[in-house]
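Enquirer: Got a sequence here, can you build the structure:
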Amino acid sequence: MESSNDFRSILPFLPLILRSSAVFWPPSVLEALKSLSKGPIHSNVNSGQLFALAIDDLRNSLGFSSLNLSASLGFSLFFDDLMNKDEAVKWFTEVVPKLADLLLRLPVLLETHYQNAGVFNEMDTGLRLFESQQSGIVFLSQELIAALLVCALFCLFPTTNRGAKHLPPINFDNLFLCLYEYYDVSQENKIKCIIHYFEKISSDMHVGNVSFERKVLPLKNSPSCIVYPEADFWSNSTHSLCKFEVCTSGLIEDHLTEALEVDFANKYLGGGALSRGCVQEEIRFMINPELIIGMLFLPSMADNEAIEITGAERFSNYTGYAKSFRFCGDYADKKSFDTMGRRTTRIIAIDALCNPGKRQYKLEFLLRETNKAFCGFLDNNKSRQNKMPINEIGNDIAIGVVTGNWGCGAFGGDPQVKAVIQWLAASQGLRPFVLYYTFNLEALQKLQEVVQWILLHEWTVGELWNILGEYSNQRLKGKTKVGLFSWLLPYLYNDDPINFD
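Expert: Numbering: from 1, shown residues only. Below is the predicted model:
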């Protein structure tokens, strides 16, 4: 492994030491993990308070500082006060020993990973630290992901230089700190999802793979001819608009057939998943915890970047949203597997403008949002193989887009404009359909009628882009204050035109 550039890039961010071309746990950490693996009779770790002390000992052996006091108190609060007593006994007698044993096998799992890492669509697949503007893909086994997530639970990842590399925090200490300092039932239930994941993999380790792909639209000419489009590209596009279906109820993650499921992402993958966040992205990371490990090696996204994660298993059921979020037990993921051993769950993380206000109607920001979605929706593998411009890629891509109010809600975007932007991006990316969940948002009550009217008139991508640009210019100049749909089709809103100002 020592000769691997991939391994050398990620080693400073792992809690292991390199010696004689192999990685090891430091001796004191090794002994502590062996003790934990033998259960509380040997380790005396039978409570949240003692668990936090054991984590401190491991961290100190690695040269790290002790946990923040509030994080330690958060561990104690959850495992000693909030967790059912019988479940707590099982956690410390059965689960923690198996998690410690998994950590003991981490060096071997990493060695096996690099031995088996190959090439996928002309890209190396080994675990590595990505740089900004660096495209590529990483394939990880579910077992290796589980071991790395135990590192995060035990707060063993080094934090030095993560900020300098634009990487989000990866250890779970802040999750427990927030539980103690800002207690909320939703925060407790986020942790319940994570704990359920560890309970499940400790009794039944699954053997699939998960891939993490960083997708980039280069800002200048590249060998693949895929470049960040300018406004003329969209204005002149002759592509037909794809099928667009509206659902007023339901959830993106409950869609049964294979599709790109949009993660309404923060530019830092995962957003507030490991702190106090509990909206669309954070909830997805709680019910599919394998997504979290992308935060280890994928830095923040620039305007021309997106992240696609394929194969992450869902482990939990839930109800609610934000403050009402609740863990509702086990979820048995029945998704089929592809030829690479990945579940056919494709999650595409794209970050929208945050609190854009009136600037979202400026051409540069319309372009930014449309290109961001296009970067996520475009099949980079097919275009890379075909070596042809993006307006000439074949139209046999069978995987559509399942999305919703991306960049709206807390992010403050115009839901009607954002719906059209995603439709444009999916159509130009030659996706066969968009399935759009409105979550009963009032501004989108007429979405299906507007879509049907546009499709009836057989508008192209370019024609719809130009209409969007004309409307946005009028909004920017104050010539109209009504929403896009009532501006376009006023007869739909004769009784009550929607005003966004």
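Enquirer: Need the contact partners of the longest helix along the chain.
Expert: Criterion DSSP state H: the longest helix present in the chain is helix 185-203. With contact meaning C-beta atoms under 8 Å, 6 or more residues apart in numbering, helix 185-203 is reached by 78, 82-83, 90-91, 94-95, 98-99, 102, 142, 146, 149-150, 153, 172, 175-176, 178-179, 273, 276, 278, 282, 286-287, 289, 315-316, 318, 320, 322-327, 329-330. For glycine as for every other residue, the C-beta is placed from the backbone atoms N, C-alpha and C.
Enquirer: Recalculate using a threshold of 7 Å.
Expert: With contacts defined as C-beta atoms under 7 Å, 6 or more residues apart in numbering, helix 185-203 is touched by 78, 82, 95, 98-99, 146, 153, 175, 178-179, 276, 278, 286-287, 289, 315-316, 322-323, 325-327, 330.
Enquirer: What are the boundaries of the strands in the stretch 251-400 of the chain?
Expert: Ranges of strands in the stretch 251-400 of the chain, per DSSP state E, counting those that start in this stretch, are 259-265, 305-310, 316-319, 326-330, 346-351, 400-403.
Enquirer: how about these in JSON lines, adding mean neighbour count?
Expert: Shown next, in JSON lines, are those (neighbours: other C-beta atoms under 10 Å):
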{"stretch": "strand 259-265", "mean neighbour count": "25"}
{"stretch": "strand 305-310", "mean neighbour count": "24"}
{"stretch": "strand 316-319", "mean neighbour count": "17"}
{"stretch": "strand 326-330", "mean neighbour count": "14"}
{"stretch": "strand 346-351", "mean neighbour count": "25"}
{"stretch": "strand 400-403", "mean neighbour count": "26"}
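Enquirer: Output the ones you listed as CSV; include the columns mean pLDDT and distance to K479.
Expert: Formatted as CSV, the strands of the stretch 251-400 of the chain follow (pLDDT from 0 to 100; distance: least, C-beta to C-beta, whole Å):
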stretch, mean pLDDT, distance to K479
strand 259-265, 97, 30
strand 305-310, 98, 34
strand 316-319, 98, 44
strand 326-330, 98, 46
strand 346-351, 98, 30
strand 400-403, 98, 30
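Enquirer: V207: which of these is closest?
Expert: Of all the strands of the stretch 251-400 of the chain, strand 305-310 sits nearest to V207, with 16.1 Å by C-beta to C-beta.
Enquirer: Distance of the closest residue to M205 other than its chain neighbours relative to A410?
Expert: In space, and not counting its chain neighbours, M205 is closest to E143: 5.6 Å by C-beta to C-beta, 6 or more residues apart in numbering. From E143 across to A410, the span is 35 Å (C-beta to C-beta, to the nearest Å).
Enquirer: With P27 instead?
Expert: In terms of C-beta to C-beta, P27 sits 47 Å off from A410.
Enquirer: When those two are compared, which one has more neighbours?
Expert: Using other C-beta atoms under 10 Å as the criterion, P27 and A410 rank with A410 on top: 14 against 10.
Enquirer: from memory the more buried one sits against V279, does it?
Expert: Yes. The criterion here is C-beta atoms under 7 Å, and A410 meets it with V279 at 6.2 Å.
Enquirer: What distance do you get for V262 to S61?
Expert: 42 Å.
Enquirer: if we can go back for a sec, among the contacts of helix 185-203, name the ones in helices.
Expert: 98-99, 146, 153, 175, 178-179, 286-287.
Enquirer: Pull the most distant pair out of these.
Expert: Between any two of the ones in helices among the contacts of helix 185-203 (C-beta to C-beta), the greatest distance is 26.6 Å, for K98 and C178.
Enquirer: Those two: who's more crowded?
Expert: C178 (22 against 19).
Enquirer: On the three-state scheme, V210 is what?
Expert: Following DSSP: H, G, I helix; E, B strand; the rest coil, V210 is assigned to strand.
Enquirer: Look up how far V246 lies from it.
Expert: In terms of C-beta to C-beta, V210 sits 31 Å off from V246.
Enquirer: What pLDDT does the model give the residue nearest to M205?
Expert: pLDDT for E143: 98.
Enquirer: Over to I393?
Expert: We have a pLDDT of 42 for I393.
Enquirer: Check the one 5 residues further on too.
Expert: The per-residue pLDDT reported for A398 equals 84.
Enquirer: what's near enough to touch the residue nearest to it when sequence neighbours are not counted?
Expert: Nearest non-adjacent residue to A398, counting by C-beta to C-beta, 6+ apart: P432, 6.4 Å away. With contact taken as C-beta under 7 Å, 6+ apart, P432 is in contact with 242-243, 397-398, 400.
Enquirer: Next: I399.
Expert: Contacts of I399 (C-beta under 7 Å, 6+ apart): 258-260, 346, 431.
Enquirer: switch the cut-off to 6 Å
Expert: With contact taken as C-beta atoms under 6 Å, 6 or more residues apart in numbering, I399 is in contact with 258-259.
Enquirer: looking at the protein, which helix or strand is least sure?
Expert: One helix or strand of the chain scores below all others by mean pLDDT, DSSP states H and E: helix 380-386, with a mean of 53.
Enquirer: Of the ones in helices among the contacts of helix 185-203, grab the buried ones for ChimeraX.
Expert: The buried residues among those can be selected in ChimeraX (16 or more other C-beta atoms under 10 Å) with this line:
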select :98,99,146,153,175,178,179,286,287
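Enquirer: Could you save the ones in helices among the contacts of helix 185-203 as TSV and add columns showing pLDDT?
Expert: Shown next, in TSV, are the ones in helices among the contacts of helix 185-203 (pLDDT from 0 to 100):
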residue	pLDDT
K98	98
L99	98
A146	98
L153	98
L175	98
C178	98
L179	98
M286	98
I287	98
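Enquirer: neighbours of V45, just the number please.
Expert: 24.
Enquirer: Do I have it right that it meets A52?
Expert: No. Assessed by C-beta atoms under 6 Å, V45 is found out of contact with A52, at 9.6 Å.
Enquirer: Find residues that contact each of the two.
Expert: With C-beta under 6 Å, 6+ apart, V45 and A52 have no common neighbours.
Enquirer: quick one, helices of the stretch 301-450 of the chain?
Expert: 363-377, 380-386, 415-428, 447-456 (DSSP state H, counting those that start in this stretch).
Enquirer: I'd like to know how far the closest residue to V95 other than its chain neighbours sits from S70.
Expert: Leaving aside its chain neighbours, V95 sits nearest to S202 (4.8 Å; criterion: C-beta to C-beta, 6+ apart). Distance from S202 to S70, counting by C-beta to C-beta: 27 Å.
Enquirer: Compare the two and say which one has the larger neighbour count.
Expert: Neighbour count, other C-beta under 10 Å: between S202 and S70, S202 has more, with 20 against 17.
Enquirer: And that one, what's its pLDDT?
Expert: Looking at S202, the pLDDT reads 97.
Enquirer: Make CSV out of the strands of the stretch 251-400 of the chain and add distance to L455.
Expert: Output for the strands of the stretch 251-400 of the chain, formatted as CSV (distance: least, C-beta to C-beta, whole Å):
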stretch, distance to L455
strand 259-265, 20
strand 305-310, 26
strand 316-319, 35
strand 326-330, 38
strand 346-351, 24
strand 400-403, 15
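Enquirer: Quick check: R326 touching T319?
Expert: Yes. Contact criterion C-beta under 6 Å: R326 and T319 qualify, at 5.1 Å.
Enquirer: Contacts only, for A306.
Expert: Neighbouring residues of A306 by C-beta under 6 Å, 6+ apart: 215, 350, 375-376.
Enquirer: now, the most widely separated pair of these?
Expert: Checking those against each other with C-beta to C-beta, the farthest-apart pair comes out as K215 and I350, at 9.5 Å.
Enquirer: in the stretch 351-500 of the chain, what spans have low per-residue confidence?
Expert: 380-397, 495-500 (pLDDT under 70).
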